[in-house]
Structures are given as C-alpha cells and as structure tokens.
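Colleague: I'll drop the sequence and a predicted model, then ask my questions.
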Amino acid sequence: MIKQTLYFGNPAKLSVANEQLRIVLAPGEDNPEPRVATRPLEDIGIVVLDSPQIQLTAPVLEGLMRFGAAVLVCDRRHLPSGLMLNMEGHSSQAERFRIHLSASLPLKKQLWQQTVSCKLRNQAAVLREVSGEETGNMLAWADRVRSGDPDNLEARGAVYYWQCYLRSSPGVNRDRYGDEPNAMLNYGYAILRAVIARALVSSGMHPSLGIHHRNKYNAYCLADDIMEPYRPYIDRLVYSIISEDPGATIEKTETKRRLLSVPVIDVDMGAVRRPLMVAAAETSSSLFKCLAGEARKIRYPEMRGDG
C-alpha cells in the first residue's frame, strides 16, 4: 500500500482521535471558515511541516511514530531541516541491529561498489534523456568501479554529470546554497532521504550506521549511502519542472506539489515498474539480506532512460 504524503504550508492545528489525524485548517482567502479533515494514521507515510503557525499535540507525534511515518520539519527558507523517525520499526529490532553492527568492512566495500556503479548508470540515463550528452565514459566508469571505489569514480562521474546537467543554466554550479535549481534539488533530496530512512528503519536497521558515509555528525549516514542511486530520479524530475516552467522556484506552490510527489515516482526494479516508496522498501530489505549473508546484491532501481 502506498502511504500518503501530507504537506502543511499554512496555519493548522493537528490532533489525534480514534487513530485518526485530525486537521483543522485556519480560515483563509479560499475558506472563510475553519476547515476540518481527518486521515487514518496508518495511511500516512510522510508529514511535511512547513509553517511556523502549526500547532500539534504530543499524541500526534507518538501516533505518527507508532505507525511508522516520517516527519519533516522545514526551516525559515522552507527547506527541510529536521527528520523524525520511529526507532522501533521491526519486531526483531535488537537482533537486526546486532547483524547490522557486525557487518565486515570488505562486505560494506562491496555493497558500496554496487551502489556507486548503479548511481553512475542512472546518472548516464538522465544525461541521455535530458541533454543528449555523451555517456560512454560514465558507463565505462560504472563497469570499472572496484570494491570500496578506491579510484573515486563516483566523484569523477559527479563532476562530469553536473557540468552536463547544468549546461543549460550558464553560471550556475551545484551548490547546496546556490541559485535554482539547487533549492529544488535539495528539497527533492530531503523528501527522498526521508523515504529511504523510513524504509531502512522499517527493515530493522539504524540509519546512522553507513556502509560508506562516516561523518560523526550525520545521523543518517546509511540513508545517504542507499539514496545515491535514487538521486537521479530527483534530478530528472527537477529538469522536467524547469523545462515546463523556466521561472520555477521552490517558493512556487506548483513546484512544491511536484517535488512532494517523489514517493510515488515510478521506478523500474528489474522488469517491474513500481512507486519509489515501494522500491525503497525492496532496496532496504535486500540490503539487510546482504548484511545477514542471505544475499549478495542490493536491489536498486535502474533507469531505462525513457522517462
């Protein structure tokens, strides 16, 4: 079942009654009177809080965590700045944590090799689709990635990829705090990160224990590892938004609406096409099987370059 993504960008009061999220929207231009709506907690996957005038009770957070939802809080720039997850996402949580912690370095390096190779192939598919750039070099790098990526082919691919991707935007570089499309990319990545982190927790793993990322200040190292092959889907979505509206910015309602659709983007897992949120669950499940010695390959989506 596809979980719902709820976005709150205007004043609202949130509470819980009978396992339902009760939403009271403040009066506005389109609604002179307060509006009330409800959503079953079990149907909610992601909640985005993007207004300083949102009031919510403690049972709201407890209920969302109990049913495995991810809660994103946005800052004054309307970019996601905080993420809350349920840390009891699996019935065998302690045992799965133990298996996760005991993963050997050679195994983690092999899993990172698979991750980088898939990311490079997906990036190549994006370039073929949106810009028609030469991608033979990226495909060659994908085939040459070694265990742990000691040659840093991921970084080499990133330099070429962003040069080509941003060629239609003179003077714009890939910069976390740079001009558009950077803010849109960051917003999409934040939604993606929440989807991946939620899937990892549901599979009984700790999102801070990465296979490659090791920043001691990063609580989501594993999520940042596993989301890498999924990033090109965000890049393709943002490119589509810009193509349809050259003046698109993250402040526009339609832009946010498109970016909030990230969990339901169609991706290809082998011969089957499914929503990204479902694919993320498969990826996380396969990752744990690799860590437990039950499988040797992570199941990642692979772009066909056909949109």
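Modeller: Structure received. Numbering: from 1, shown residues only.
Colleague: that's a strand at residue 81, yeah?
Modeller: Yes - looking at residue 81 with DSSP: H, G, I helix; E, B strand; the rest coil, it is inside a strand.
Colleague: What pLDDT does the model give it?
Modeller: Looking at residue 81, its pLDDT reads 86.
Colleague: for residue 172, same thing?
Modeller: So residue 172 comes in at 66 (pLDDT).
Colleague: Residue 253 and residue 21, how far apart?
Modeller: According to C-beta to C-beta, to the nearest Å, residue 253 stands 22 Å off from residue 21. Placement of C-beta: from N, CA and C, glycine included.
Colleague: Give the residue from these two that has the larger number of neighbours.
Modeller: residue 21 (25 against 9; other C-beta atoms under 10 Å).
Colleague: Doesn't the more buried one belong to a helix?
Modeller: No - per three-state DSSP, residue 21 lies outside any helix segment and is strand.
Colleague: Could you give the bridge partners of it?
Modeller: residue 16, residue 39 (DSSP bridges).
Colleague: Please enumerate the strands of this protein.
Modeller: 4-8, 12-17, 20-25, 35-40, 44-49, 54-56, 70-74, 80-84, 266-269, 272-275 (DSSP state E).
Colleague: Please identify which of those strands is closest to residue 95.
Modeller: Residue 95 sits nearest to strand 70-74 of all the strands of the chain, at 23.3 Å, using C-beta to C-beta.
Colleague: May I see the buried residues of that closest one?
Modeller: 70, 71, 72, 74 (16 or more other C-beta atoms under 10 Å).
Colleague: what's the closest of these to residue 183?
Modeller: residue 74 (11.9 Å).
Colleague: Go ahead and confirm that closest one touches residue 80.
Modeller: Yes - if you go by C-beta atoms under 8 Å, residue 74 and residue 80 touch, sitting 5.4 Å apart.
Colleague: quick one on the thing from earlier: just put the strands of the chain in CSV and tack on distance to residue 302.
Modeller: Conversion of the strands of the chain to CSV gives the following (distance: least, C-beta to C-beta, whole Å):
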stretch, distance to residue 302
strand 4-8, 24
strand 12-17, 39
strand 20-25, 36
strand 35-40, 34
strand 44-49, 24
strand 54-56, 39
strand 70-74, 25
strand 80-84, 27
strand 266-269, 6
strand 272-275, 11
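Colleague: Pick the most deeply packed of those.
Modeller: strand 44-49 (a mean of 22; mean count of other C-beta atoms under 10 Å).
Colleague: Pick out whichever of the buried residues of strand 70-74 sits closest to residue 54.
Modeller: Looking across the buried residues of strand 70-74 and measuring by C-beta to C-beta, the closest to residue 54 is residue 74, at 10.1 Å.
Colleague: what residues are up against the closest residue to that closest one other than its chain neighbours?
Modeller: The shortest distance from residue 74 to any non-neighbouring residue, by C-beta to C-beta, 6 or more residues apart in numbering, is to residue 50 (4.1 Å). By C-beta atoms under 8 Å, 6 or more residues apart in numbering, the residues touching residue 50 are 7, 8, 9, 74, 78.
Colleague: now do residue 123
Modeller: Applying C-beta under 8 Å, 6+ apart, the residues near residue 123 are 138, 157, 161, 232, 235.
Colleague: and what of residue 302?
Modeller: 118, 121, 122, 125, 268, 269.
Colleague: Does the fourth one touch residue 301 like I think?
Modeller: Think residue 125. No - the pair residue 125 / residue 301 is not scored as a contact, 10.6 Å apart, by C-beta under 8 Å.
Colleague: is it true that residue 206 touches residue 221?
Modeller: No - at 9.4 Å, residue 206 does not count as touching residue 221 under the criterion of C-beta under 8 Å.
Colleague: what about the residue nearest in space to the middle of the chain, distance to residue 71?
Modeller: The structure's the chain has its C-alpha centroid closest to residue 192; by C-alpha atoms, centre = their mean the separation is 1.1 Å. Separation of residue 192 from residue 71 (C-beta to C-beta): 16 Å.
Colleague: next one: residue 302
Modeller: From residue 302 to residue 71 the distance is 31 Å (C-beta to C-beta).
Colleague: One more: residue 88?
Modeller: 15 Å.
Colleague: Go ahead and confirm residue 141 touches residue 155.
Modeller: No - contact criterion C-beta under 8 Å: residue 141 and residue 155 do not qualify, at 10.4 Å.
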